[in-house]
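Asks: Let me see the structure of the following:
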Amino acid sequence: MISKGTGPAGRGTWIGIATAALPLYLTMIAASAGALVDIALLGSHSTATLAAFAVSMAVFSPATATVAGALRGVMPFVTPRKDDPDGLLSVVHCGMWLALTVGAIAAAAVASVPLIGRATGVPRTALDQLGIFPLLLAGSVLAIAVTSSATSVLVALGHSELVMRAGLLGTAASTTLSVLLVGGPGPLPSYGLTGAGVAMLASSMISASVNQVALRRSAMPAGRSMWPGRPDVRQVWKLGAVGIPLAGTVLVKFAVLGVLTFAAARIGTDSAAVHSVGISLVNLIFTAAVAVGQATIPVISGHAETRDSASIRHSVRAGTLLALAVVGFIAATVIVLGPWVVPLFTTDAVVRPRITDLLPLVSAVVVTDALQAVVGFGLIGLKRTVPSFVSTFVCYGVLAAVAAPVASAGGLAALWTALALANFLQAVGKAYSFHRHSTFAEHREDASTSATSR
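Replies: Numbers count the residues shown, from 1 in each chain. Just a heads-up that it's a prediction; the model follows:
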C-alpha cells in the first residue's frame with residue numbers, strides 16, 4: 001500500500017509540481033512585464049510606430065506560441081531517457097532539428113508581415129514604420145525555437161530554475177536595451193521599431209545561449225557535441241507527431257480569439273475595449289496554469305513508462321487542483337481589487353464600470369481554461385496530443401461559428417459565457433480522452449500479465 005505522504009497524489013507530488021512550476025511562472029510574468037515596457041516606450045515614440053508594432057505582434061505572438069507548443073512535444077521523450085546519455089543526446093539532437101524546421105516556417109511568416117499587412121488593409125502610415133523590424137523579429141523567432149527546444153529538455157530533467165535564469169537574463173537585456181534604444185534617454189537618439197527589434201533579438205539570443213550552456217552542463221555526456229548533425233528523420237517525425245498537433249491547437253485558439261475580438265468590436269468601440277482588457281487579464285492569469293501544466297508532463301511521462309495508470313491519474317488530479325487553486329486565487333484577488341486594477345488598463349470613466357462588471361466572467365473563463373489546459377498537458381505526457389487538438393478544434397470551431405450572433409443578441413456577457421462554456425466542454429472532452437488512454441495503458445499491462453500466467 002502507498003502511504004498518504006508519499007503516494008502519487010500525496011504531498012510529494014504537489015510539492016514537486018509546485019517547485020517545478022514556480023520558476024516557469026516567474027519567467028512568464030517577467031516576460032509579460034518586459035513586453036509592457038516595449039509597448040509603453042513605443043507609444044511614447046509615436047502612434048504610427050505603436051500601430052506598426054501591434055500589427056507585427058499580431059503575427060509574432062501566435063508564431064512564437066505555435067513554436068513553443070510544437071516543442072513541448074519533446075518533453076515526454078526526455079523523461080524516460082534520464083539515465084540513458086546516448087538516448088537523451090539523440091532526443092536533444094532531434095528536438096533541435098524539429099525546432100529549426102518549425103522555427104523557420106514561423107520566421108518566414110513573421111518576415112512576411114509587410115505583405116500580410118498590405119493584404120489585410122493595414123494603413124500605409126503604419127506599414128511605412130516597419131523597416132527591418134519584421135526581419136529582426138524573424139531572427140527572434142528562430143532563437144526562440146532553439147530556446148524552446150532546450151527549455152523542454154531542461155524542464156523534463158527537473159531543471160526549471162535554469163530555464164528561469166535564462167529567461168530572466170533575456171528579459172533584463174530586452175528591458176535595458178529597449179530603454180536605451182527606444183526610449184532614448186538624455187542625449188541618446190530613439191531608434192523606434194528598429195531599436196525594439198534589436199532589443200528583442202538580443203534578448204532571444206541571450207536566452208537561447210544561456211539555455212544551451214545549461215543543457216550542455218546538465219545533460220550532455222562529456223566530449224559529445226551539441227551540434228545536431230545529420231537528422232534522424234524517423235525520430236524527428238516521432239517528436240513532431242506529438243508536437244505538431246499542439247501547434248495546431250495553439251493556432252486554432254489564437255484564430256478563434258481573433259474572431260471573438262471582431263465579434264466584440266461589432267457591438268461597439270467600448271465593447272471592443274472592454275473585451276481587450278478582459279483577454280489581457282485572462283492571458284496574464286492563465287500563465288500560472290501553463291506553468292503548472294508543463295511541470296506535470298515529466299511526472300506523467302515517467303509514470304507512463306511503467307504504465308502506472310493510478311499514478312498518472314493522481315498526478316493530473318494534483319496538477320489540476322494546484323492550477324485551479326492558484327488561478328482561482330489570482331482571479332478572486334483581481335475581482336476584490338477591481339477598483340485599483342481596472343484603472344491600470346483605462347482612464348475612460350464609461351469603460352471602467354463595464355470592465356468591473358465583466359470580471360466574474362473573466363474569472364469563469366480563466367478557471368475553465370486552466371481546467372482544460374492541465375488535462376491537455378496530461379495528454380502530452382501520454383504522447384497523445386491529437387485528441388487535444390480535436391477537442392479544441394470542435395469546441396472552438398462551434399464558438400467561432402456562433403460568436404457574432406451571440407454577441408449581437410446578448411452582448412459581451414453572452415459572448416464571454418459562450419467562451420467559458422467552450423473551455424468547459426474542451427475540458428470534458430480532454431478528460432474523457434485522458435481517462436481512455438490511461439486506461440488503455442492499464443489494460444495493456446493486465447493483458448500482458450494474463451498472457452504470462454497462461
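
Asks: Sketch out the helices for the stretch 201-350 of the chain, chain order is fine.
Replies: 233-267, 269-305, 309-336, 338-341 (DSSP state H, counting those that start in this stretch).

Asks: okay if I get these as JSON lines plus mean neighbour count and mean pLDDT?
Replies: C-betas here are computed from N, CA, C, even on glycine. Listed next are those as JSON lines, based on neighbours: other C-beta atoms under 10 Å; pLDDT from 0 to 100:
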{"stretch": "helix 233-267", "mean neighbour count": "19", "mean pLDDT": "90"}
{"stretch": "helix 269-305", "mean neighbour count": "22", "mean pLDDT": "88"}
{"stretch": "helix 309-336", "mean neighbour count": "20", "mean pLDDT": "93"}
{"stretch": "helix 338-341", "mean neighbour count": "13", "mean pLDDT": "88"}
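
Asks: closest one to residue 398 among the ones you listed?
Replies: Counting by C-beta to C-beta, residue 398 lies closest to helix 233-267 out of the helices of the stretch 201-350 of the chain; the figure is 9.7 Å.

Asks: what packs against the closest one?
Replies: helix 47-71, helix 75-78, helix 85-111, helix 269-305, helix 351-381, helix 386-453 (3 or more C-beta pairs under 8 Å, 6 or more residues apart in numbering; DSSP states H and E).

Asks: Kindly recompute the last result at 10 Å.
Replies: helix 47-71, helix 75-78, helix 85-111, helix 133-156, helix 269-305, helix 351-381, helix 386-453 (3 or more C-beta pairs under 10 Å, 6 or more residues apart in numbering; DSSP states H and E).

Asks: contact partners of the shortest one?
Replies: Residues from elsewhere that reach helix 75-78, judged by C-beta atoms under 10 Å, 6 or more residues apart in numbering: 87-88, 90-92, 94-95, 151-157, 219, 235, 238-239, 242-243, 294, 297-298, 300-302, 304-305, 377, 379-385.

Asks: In PDB, list the C-alpha atoms belonging to it.
Replies: Coordinates of each C-alpha in helix 75-78 appear next as PDB, following Å, rounded to 0.1, in the frame of the first residue of the first chain:
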ATOM      1  CA  MET A  75       9.200  16.600 -23.200                       C
ATOM      2  CA  PRO A  76       7.600  13.100 -22.800                       C
ATOM      3  CA  PHE A  77      10.600  11.700 -24.800                       C
ATOM      4  CA  VAL A  78      13.100  13.100 -22.400                       C
END
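
Asks: List the buried residues of stretch 352-372.
Replies: Judged by neighbour count using 16 or more other C-beta atoms under 10 Å, the buried positions of stretch 352-372 are 352, 354-355, 358-359, 361-372.

Asks: ugh, wrong one, I meant stretch 389-405
Replies: Neighbour counts over stretch 389-405 (16+ other C-beta under 10 Å) mark 389, 390, 391, 392, 393, 395, 396, 399, 400, 403, 404 as buried.

Asks: And the average pLDDT for it is what?
Replies: When the per-residue pLDDT values of stretch 389-405 are averaged, the result is 95.

Asks: any idea how far it is from the chain center?
Replies: Per C-alpha atoms, centre = their mean, to the nearest Å, the displacement of stretch 389-405 from the mean C-alpha position of its chain is 20 Å.

Asks: Next: stretch 312-330.
Replies: Stretch 312-330 has its C-alpha centroid displaced from the chain centroid by 17 Å (C-alpha atoms, centre = their mean).

Asks: excluding its backbone neighbours, what's nearest residue 159?
Replies: Taking C-beta to C-beta, 6 or more residues apart in numbering, and ignoring the residues beside it in sequence, residue 159 has residue 218 as its nearest neighbour in space, at 5.6 Å.

Asks: quick one: contacts for the residue nearest to residue 62 when sequence neighbours are not counted?
Replies: Computed as C-beta to C-beta, 6+ apart, the closest residue to residue 62 that is not its neighbour in sequence is residue 254, at 4.1 Å. Contacts here follow C-beta under 10 Å, 6+ apart; on that basis residue 254 touches 58, 61, 62, 63, 65, 66.

Asks: and what of residue 395?
Replies: The contact partners of residue 395, taken as C-beta under 10 Å, 6+ apart, are 252, 256, 372, 421-430.

Asks: that older thread, can you redo the helices and strands packed on helix 233-267 as JSON lines with distance to residue 209?
Replies: Conversion of the helices and strands packed on helix 233-267 to JSON lines gives the following (distance: least, C-beta to C-beta, whole Å):
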{"stretch": "helix 47-71", "distance to residue 209": "17"}
{"stretch": "helix 75-78", "distance to residue 209": "21"}
{"stretch": "helix 85-111", "distance to residue 209": "14"}
{"stretch": "helix 133-156", "distance to residue 209": "9"}
{"stretch": "helix 269-305", "distance to residue 209": "22"}
{"stretch": "helix 351-381", "distance to residue 209": "27"}
{"stretch": "helix 386-453", "distance to residue 209": "32"}
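
Asks: Residue 36: which of those is closest?
Replies: Between residue 36 and those, the shortest separation by C-beta to C-beta is 9.9 Å, and it involves helix 269-305.

Asks: elements contacting the strand or helix carrying residue 42?
Replies: Taking DSSP states H and E as the definition, residue 42 sits inside helix 11-45. Judged by 3+ C-beta pairs under 10 Å, 6+ apart, helix 11-45 is in contact with helix 47-71, helix 133-156, helix 160-178, helix 192-219, helix 269-305, helix 309-336.

Asks: Tabulate the helices of the stretch 201-350 of the chain (a markdown table), appending distance to residue 207.
Replies: Listed next are these as a markdown table, based on distance: least, C-beta to C-beta, whole Å:
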| stretch | distance to residue 207 |
| --- | --- |
| helix 233-267 | 20 |
| helix 269-305 | 16 |
| helix 309-336 | 25 |
| helix 338-341 | 29 |
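
Asks: Mind checking those helices for the one nearest to residue 162?
Replies: Once the helices of the stretch 201-350 of the chain are compared by C-beta to C-beta, helix 269-305 is nearest, at 14.1 Å.

Asks: Only whichever of the contacts of residue 395 are buried, select them in ChimeraX.
Replies: Selection of the buried residues among those in ChimeraX, burial being defined by 16+ other C-beta under 10 Å:
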select :252,256,372,421,422,423,424,425,426,427,429,430
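
Asks: Reformat the contacts of residue 395 as CSV; add distance to residue 104.
Replies: Formatted as CSV, the contacts of residue 395 follow (distance: C-beta to C-beta, whole Å):
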residue, distance to residue 104
252, 22
256, 26
372, 30
421, 38
422, 32
423, 32
424, 37
425, 35
426, 30
427, 34
428, 37
429, 32
430, 30
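
Asks: Nearest to residue 335, out of the contacts of residue 395: which one, please.
Replies: Compare each of the contacts of residue 395 with residue 335 using C-beta to C-beta and the shortest gap goes to residue 423, at 18.3 Å.
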